[in-house]
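In: Quick check, what structure comes out for this input:
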Amino acid sequence: MIPRSRRYAIGGAGLAVVLAAGLAFWSFRPSTVDGRGAGRGQSSSDAPGGTAWVPPGGSPSASVSASAPGPVAGSAVPAGSWWRPRAGLTWQWQLSGPLDRGVSAEVYDVDAVNTSAEDVAALHAAGRKVICYVDAGSYEPGRPDAGRFPAAVLGKELDGWPGERWLDVRRWDVLEPILAARFDTCRQKGFDAVEPDNVDGYQNESGFPLTASDQLVFNKRLADLAHKRGLAVGLKNDIDQVAELQPHFDFAVNEECMQYDECDPLRAFVAAGKPVFHVEYAQESGGFCPRAKALGFSSMRKRLDLDAWRESC
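Out: This is a model prediction of the structure:
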């Protein structure tokens with residue numbers, strides 16, 4: 001799926017580009033390799049995955065209220081046994097087009113449904129770690145499990161995405177089984193981590209009176225849900241809550257913090273030894289890469305459709 005930051009939902013040429021691409025995360029796309037080359041990759045002699053950070057222990061509350069995380073289903077995993085990536089890893093983010101498994105990057109972030117277990121195994125055999133991209137905060141009617149979402153949790157449409165609607169993230173009693181099944185799919189395919197998307201509904205016109213507190217609770221629950229399954233988890237955008245959420249997440253995924261001059265909060269991840277996987281779309285790599293390197297980010301330039309092409313810093 002094309003990234004759907006709130007910035008792309010408001011008018012202008014950026015929206016036209018996104019709409020023209022017309023891609024969706026849970027739709028079925030081929031994942032075979034057709035020889036399409038990526039941009040200028042960057043290799044490293046270091047093996048993927050560091051051990052810079054061990055998440056704090058503790059178990060979630062049994063409550064399903066909006067004030068505290070609820071229980072997470074699934075097999076128990078020893079604390080800290082999931083992958084703990086280190087800051088500075090190179091990465092590739094591809095959510096459209098035939099999967100190019102030959103990009104010189106230590107970490108791949110790819111589609112949960114359309115990436116096969118065989119693809120994940122092949123990437124592992126090549127020394128890569130693999131992140132599972134999952135939509136968590138919005139509903140899309142074309143997804144295989146769309147019928148599991150009751151009308152009561154469906155809010156307003158996302159601007160520029162007909163049929164896609166924000167979810168009432170306060171309803172963990174409804175959403176947890178659906179998201180648990182999605183995370184289970186990631187685990188069964190052999191992924192190392194998950195990237196839950198659309199986790200900033202409180203900053204959008206969702207159709208629900210979502211507060212910052214509601215979003216914090218939901219995002220922490222997502223982190224718990226992943227960790228209980230032995231999966232690392234990334235915080236997608238949600239810049240305003242980085243300070244509170246960084247201790248619960250293993251890495252960050254950010255779009256265009258250079259373009260919008262909002263990178264500074266993400267330094268908390270690097271300070272904790274965790275990577276910030278960062279992309280810019282509009283800026284030339286020569287314009288943002290020097291600062292990205294100084295900040296310790298894992299940065300690259302991508303096209304909006306997130307095909308195989310990239311320019312790595």
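In: Could you tell me how far M300 is located from R229?
Out: As judged by Cβ to Cβ, to the nearest Å, M300 and R229 stand 28 Å apart. (Glycine included, C-beta is placed from N, CA and C.)
In: Would you mind telling me which of these two has the busier surroundings?
Out: Taking other Cβ atoms under 10 Å, M300 and R229 do not tie; M300 has more neighbours (28 against 23).
In: Roughly how far does the more buried one sit from A121?
Out: 25 Å.
In: Check G11 and give its pLDDT.
Out: Predicted confidence (pLDDT) for G11: 37.
In: those helices in the chain, which residues are they?
Out: Counting by DSSP state H, one finds helices in the chain at the ranges 12-21, 117-125, 172-189, 212-227, 242-245, 267-271, 285-295.
In: Next up, the contacts around G190.
Out: 117, 120-121, 124, 130 (Cβ atoms under 8 Å, 6 or more residues apart in numbering).
In: tell me, what residue is most central in this protein?
Out: E195 (2.6 Å; Cα atoms, centre = their mean).
In: Any idea what it is bridged to?
Out: Y133 (DSSP bridges).
In: And for K129?
Out: Under DSSP bridges, the beta-bridge partners of K129 are V107.
In: Apart from its neighbours in sequence, what residue is nearest A122?
Out: Once flanking residues are discounted, A122 sits nearest to R101: 5.7 Å by Cβ to Cβ, 6 or more residues apart in numbering.
In: Next, count neighbours for the one you found.
Out: Count around R101 with other Cβ under 10 Å applied: 19.
In: so what's it up against?
Out: Counting by Cβ under 8 Å, 6+ apart, R101 touches 33, 119, 122-123, 126.
In: Could you check how far it is from L123?
Out: Distance from R101 to L123, by Cβ to Cβ: 6 Å.
In: Likewise for E284?
Out: Per Cβ to Cβ, E284 is found 29 Å from L123.
In: Confirm for me that D238 is in contact with N219.
Out: Yes - contact status for D238 versus N219: in contact at 6.8 Å, counting by Cβ atoms under 8 Å.
In: neighbour-wise, which of those two wins?
Out: Using other Cβ under 10 Å as the criterion, D238 and N219 rank with N219 on top: 27 against 24.
In: List the contacts of that one.
Out: 196, 199, 235, 238, 241, 245, 248.
In: Just the ones of the residues you listed in strands?
Out: Those of those mapping onto strands are 196, 235, per DSSP state E.
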